[in-house]
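Participant: Quick one, structure for this:
(6 chains)
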There are 4 protein chains.
Amino acid sequence: MAVWKNTVPSKDELYESKRAALLREAAAAFNRRGFHATSLDEIAQNLGVTKAALYHYFPNKQTLLMACFEKAMDVAFDSLARARQQEATGRGRLRLTLALYLEQMLDELSACVVLMEENALTPPDHARMVQMRDRFEQALRDLVRDGIADGSIVACDPKLAMFTILGALNWIPKWFRHSGPWTATQTTAAVSDLFERMLSSAPAPALARDVGLMPLTTAK
Amino acid sequence: MAVWKNTVPSKDELYESKRAALLREAAAAFNRRGFHATSLDEIAQNLGVTKAALYHYFPNKQTLLMACFEKAMDVAFDSLARARQQEATGRGRLRLTLALYLEQMLDELSACVVLMEENALTPPDHARMVQMRDRFEQALRDLVRDGIADGSIVACDPKLAMFTILGALNWIPKWFRHSGPWTATQTTAAVSDLFERMLSSAPAPALARDVGLMPLTTAK
Amino acid sequence: MAVWKNTVPSKDELYESKRAALLREAAAAFNRRGFHATSLDEIAQNLGVTKAALYHYFPNKQTLLMACFEKAMDVAFDSLARARQQEATGRGRLRLTLALYLEQMLDELSACVVLMEENALTPPDHARMVQMRDRFEQALRDLVRDGIADGSIVACDPKLAMFTILGALNWIPKWFRHSGPWTATQTTAAVSDLFERMLSSAPAPALARDVGLMPLTTAK
Amino acid sequence: MAVWKNTVPSKDELYESKRAALLREAAAAFNRRGFHATSLDEIAQNLGVTKAALYHYFPNKQTLLMACFEKAMDVAFDSLARARQQEATGRGRLRLTLALYLEQMLDELSACVVLMEENALTPPDHARMVQMRDRFEQALRDLVRDGIADGSIVACDPKLAMFTILGALNWIPKWFRHSGPWTATQTTAAVSDLFERMLSSAPAPALARDVGLMPLTTAK
DNA sequence: AATGAATGAGGGTTCATTCAT
DNA sequence: TATGAATGAACCCTCATTCAT
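Facilitator: Alright, predicted model coming up:
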């Protein structure tokens, strides 16, 4: 069974790695130009294959978008779970959740903005997507409430606060460039500081003026 | 000349009001579904006319988008100018600029998100649009710098801070509903408070928990 | 009845002169760019009026084309009649017919090329137009036959000869320019000479090398 | 490599033959009804495919027209080159050039009249087309000049003479029918005789009255 | 697994035509 | 008489999707 000591990828592994590459490329393209403005030809060309080849990995364009959503939501809930383990206060958990989520988005998928393309989905997919997103947002609002309760977050309207933060968050892939002046880690830390300053009940902390000197993501 | 005491709209007035209605409808549609996902048929239908009728008011779809841009930028620079007159500190000016801009966007045009659709423009229009947007963003960053200099704003990276704030700002039309629990004025005030808390050098002020009790936009 | 000594044009005269101007403009435009490529907007603009105004003078675009045809055919049959009176031989009549026809076309209407746009007409108009054109071509072929019979024209296939000549004739408005090096009269004479040389039974006559020195149209 | 003795067309061959069929169909349609009056639907229907299928072979309608132009010009310059080899006098070369060009046009492409549709091209294509056409016309005029110099052509204005001849020539596809009484070869010979008679310095030769008895194209 | 060919639906745009003023 | 507004049909073109190879 284990020929070549498993150094030769199996058929299934090849398939999965191609599918993943397609997903990443699609997410990037959707983020860059929007779902409707992105043609399958464009995605295929960037992958060096033909448009028709994509249909071996996804039944249609919408599914591609839905897969981006789901990947993003996986990252989101995973970030949430890890933050719940590592942090105790509402504020700490919120910050870490957002930081983990953002850093992965920037590194792997840059799939945040696709969250805006909900209208492009079919009603059943749309419903599913909205439900997942709402569940995540609800969890974040709960963290805010927890923070208010435990005194780590200032009294505020949790819904409005999270709308504001998520807007800023989803916007980041639009202006962030891997080739730009800041690394993903630096950006994540700097933005997290801003968010924390916005909600923290503690006296407003100082901020690093030069993002390049920022400490690591979860540092406080 | 002034028949019927000018209560009967002249032909020019009729034309302008129709054109304005089209502009508003287009901005709303572009915001709701995105530029490429919005068909002229859809806009026309919402206005109760035929697609071809739109071509009396705009030579093509791109011009329609560009007009939304320009109206938004007019509001933006107007807000900036008024804030410079009424406020003295960098922080005060920044807050008032954003508040005035947002309130008008929500009331009149809800045209914020169209600012993302830059890729849909022809190169010359695109260049023009980017230039205007950059000028506005630059002016906002300057306000941040002024605020840092005059001590009203905490030391921070102005570029990154403004990216964050504008992301949150442009996202608002996506979730704000006139039929929702908050008025445009309340929403504007609440969001402005959050922004101010994020950047203020002063001890973090308290926030209103219930947005419905928020004071007016420019109150502090 | 005769007020102002008839120096003031009556309503009917005004109407007719406008209609004639429209006809001339339409013929020129159709010749220049072709029937389908010419929009009523273009014609109207050249006349300084609105597209809708044209409908006071013609019920539709096809009628406009048909009127051009008919005007051209009027000129054609008129030329034929005059040539029959002034000339005796088949060759003489043919030459004069073509010369008169061409000169008027160039001067007044430049409506030759519209003869190619037959496909644009409705079946009834098309039938009528083809019939008129055929009658004219038949008459020209008869002149050729007469010329062969009376010895003024070389033995040839009349149908093919007339196709050839009319092709050359209808092409002239495409390259002739009033602002060019030759007058309409000079061009007419020079082309007539070529046609005559093609069909004459007499020893091939010399030609003027410099068109500018050509004698008048009907000179031989 | 050479399976089935190369009797089975390869994919590339299939593509090329389809493309050629499309080109021929388009040229015929443009000639028959004019560029603007011809819809891609019409062409596609005649070929038994869908409009969208055409876009596999040409990026747009204008390119289709341009390809007709270029094919016609290829034939033109090829005819010119062959005539220069086979004939010595200006008159001989001119006659053979026109005969070869015409016969191929009638047989293969009937693409003459498309030469009139220059206005339908984009400025760059238009410039290119006009340049090629002018070069061909210039070459023909030079043949006329050569003929005058070597005594085979009567003294005349070369420019005007060629305009006249080319007008007649381009008109031929409008009246010639493969199903008509004359073959392409017969028509070519008969028309060539007329052109020759028009310009020859020799005593006007007799013409065949019945085109059906015409000798072959290049016979004299 | 991948391709090239083909399709059908839809979108943006033009334009002849109509109509109220 | 002339105009501006509006319409509906037609056209070019794009694109997601299917299918035979």
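Participant: for chain A, what are the low-confidence residue spans?
Facilitator: Residue ranges of chain A with pLDDT under 70: A:1, A:109-115, A:203-220.
Participant: Need the residue closest to the centroid of it.
Facilitator: Most central in chain A under Cα atoms, centre = their mean is residue A:105, positioned 3.9 Å from the mean C-alpha point.
Participant: Give me the distance between it and residue D:49.
Facilitator: Residue A:105 sits 46 Å away from residue D:49, going by Cβ to Cβ, to the nearest Å. The C-beta positions use only the backbone N, C-alpha and C, and glycine is treated the same way.
Participant: Just to check, the residue nearest to the centre of chain A is in contact with residue A:73?
Facilitator: No: judged on Cβ atoms under 8 Å, residue A:105 makes no contact with residue A:73 at a distance of 11.4 Å.
Participant: so where do the helices sit in chain A?
Facilitator: A:11-33, A:40-47, A:51-54, A:61-86, A:90-104, A:123-150, A:158-175, A:184-199 (DSSP state H).
Participant: which parts of chain A sit against DNA strand F?
Facilitator: Contact residues, chain A versus DNA strand F (Cβ under 7 Å from any atom of the strand): A:38, A:39, A:40, A:41, A:51, A:52, A:55, A:59, A:60, A:61, A:62.
Participant: quick one: which of those is most hemmed in?
Facilitator: residue A:38 (21 neighbours; other Cβ atoms under 10 Å in any protein chain shown).
Participant: got the contact list for it?
Facilitator: Taking Cβ atoms under 8 Å, 6 or more residues apart in numbering or on different chains, we find residue A:38 in contact with A:26, A:29, A:30, A:32.
Participant: near DNA strand E, from the residues of chain A next to DNA strand F?
Facilitator: A:51, A:52, A:55.
Participant: Dump these to a markdown table, plus distance to chain C.
Facilitator: Below are those laid out as a markdown table (distance: Cβ to the nearest Cβ, whole Å):
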| residue | distance to chain C |
| --- | --- |
| A:51 | 36 |
| A:52 | 38 |
| A:55 | 41 |
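Participant: for the residues you listed, which one is nearest residue B:135?
Facilitator: Taking Cβ to Cβ as the measure, residue B:135 lies nearest residue A:51 of those, at 40.1 Å.
Participant: show me what contacts that closest one?
Facilitator: A:40, A:41, A:44.
Participant: residues near the last one, how many?
Facilitator: The reference is to residue A:44. Residue A:44 has 17 neighbours, counted by other Cβ under 10 Å.
Participant: Name the nearest residue to it, ignoring sequence neighbours.
Facilitator: Among residues not flanking residue A:44 along the chain, residue A:51 sits closest, at 4.5 Å (Cβ to Cβ, 6 or more residues apart in numbering or on different chains).
Participant: quick one: that neighbour and residue C:108, what's the gap?
Facilitator: Distance, residue A:51 to residue C:108, using Cβ to Cβ: 58 Å.
Participant: Ok, residue A:22 next?
Facilitator: Taking Cβ to Cβ, one finds residue A:22 at 68 Å from residue C:108.
Participant: How about residue A:200?
Facilitator: Shown here: residue A:200 relative to residue C:108, a distance of 88 Å by Cβ to Cβ.
Participant: which one of those two has more residues nearby?
Facilitator: Using other Cβ under 10 Å as the criterion, residue A:200 and residue C:108 rank with residue A:200 on top: 19 against 15.
Participant: Could you give the bridge partners of the more buried one?
Facilitator: On the basis of DSSP bridges, residue A:200 is bridged to residue A:153.
Participant: quick one: contacts for it?
Facilitator: Residues in contact with residue A:200 (Cβ under 8 Å, 6+ apart) are A:91, A:152, A:153, A:154, B:204.
Participant: In contact with the third one, which residues?
Facilitator: Listed by Cβ under 8 Å, 6+ apart, the contact partners of residue A:153 are A:90, A:91, A:94, A:144, A:147, A:199, A:200, A:201.
Participant: try it again with 7 Å
Facilitator: Remark: with contacts taken as Cβ atoms under 7 Å, 6 or more residues apart in numbering or on different chains, residue A:153 is in contact with A:90, A:91, A:144, A:147, A:199, A:200, A:201.
Participant: Could you restrict those residues to the ones contacting DNA strand E?
Facilitator: Subset of these in contact with DNA strand E: empty, counting by Cβ under 7 Å from any atom of the strand.
Participant: Adding distance to residue C:193 as columns, could you present these in TSV?
Facilitator: Converted to TSV, the contacts of residue A:153 look like this (distance: Cβ to Cβ, whole Å):
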residue	distance to residue C:193
A:90	103
A:91	101
A:144	98
A:147	102
A:199	97
A:200	100
A:201	104
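Participant: From the residues you listed, list the buried ones, please.
Facilitator: Among these, the ones that count as buried by 16 or more other Cβ atoms under 10 Å in any protein chain shown are A:90, A:91, A:144, A:147, A:199, A:200, A:201.
Participant: what's the distance between the second one and chain B?
Facilitator: The one in question is residue A:91. 12 Å (Cβ to the nearest Cβ, to the nearest Å).
Participant: Skipping adjacent residues, who's closest to that residue in space?
Facilitator: Taking Cβ to Cβ, 6+ apart, and ignoring the residues beside it in sequence, residue A:91 has residue A:152 as its nearest neighbour in space, at 3.7 Å.
Participant: and the one you found, what does it touch?
Facilitator: Counting by Cβ under 7 Å, 6+ apart, residue A:152 touches A:89, A:90, A:91, A:92, A:201.
Participant: Now the phi/psi pair for it, please.
Facilitator: Torsion angles at residue A:152 (phi, psi; degrees, to the nearest 10) stand at phi -90, psi -20.
Participant: if we can go back for a sec, closest to residue D:8 out of the residues of chain A next to DNA strand F?
Facilitator: Of the residues of chain A next to DNA strand F, the one sitting nearest to residue D:8 (Cβ to Cβ) turns out to be residue A:52, at 24.0 Å.
Participant: Residue numbers of chain A in contact with DNA strand E?
Facilitator: A:11, A:15, A:18, A:49, A:50, A:51, A:52, A:53, A:55, A:56.
Participant: and the gap between the second one and residue A:103?
Facilitator: Which is residue A:15. To residue A:103, residue A:15 is 28 Å away according to Cβ to Cβ.
Participant: Which of those two has more residues huddled nearby?
Facilitator: Using other Cβ under 10 Å as the criterion, residue A:15 and residue A:103 rank with residue A:103 on top: 22 against 13.
Participant: Quick check: closest non-adjacent residue to residue A:171.
Facilitator: Nearest non-adjacent residue to residue A:171 (Cβ to Cβ, 6+ apart): residue B:167, at 2.6 Å.
Participant: what sits against residue A:93?
Facilitator: So residue A:93 contacts A:83, A:84, A:87, A:143 (Cβ under 7 Å, 6+ apart).
Participant: Could I get the buried residue list for stretch A:147-166?
Facilitator: Quick answer for stretch A:147-166 (16+ other Cβ under 10 Å): A:147-148, A:152-154, A:156-166.
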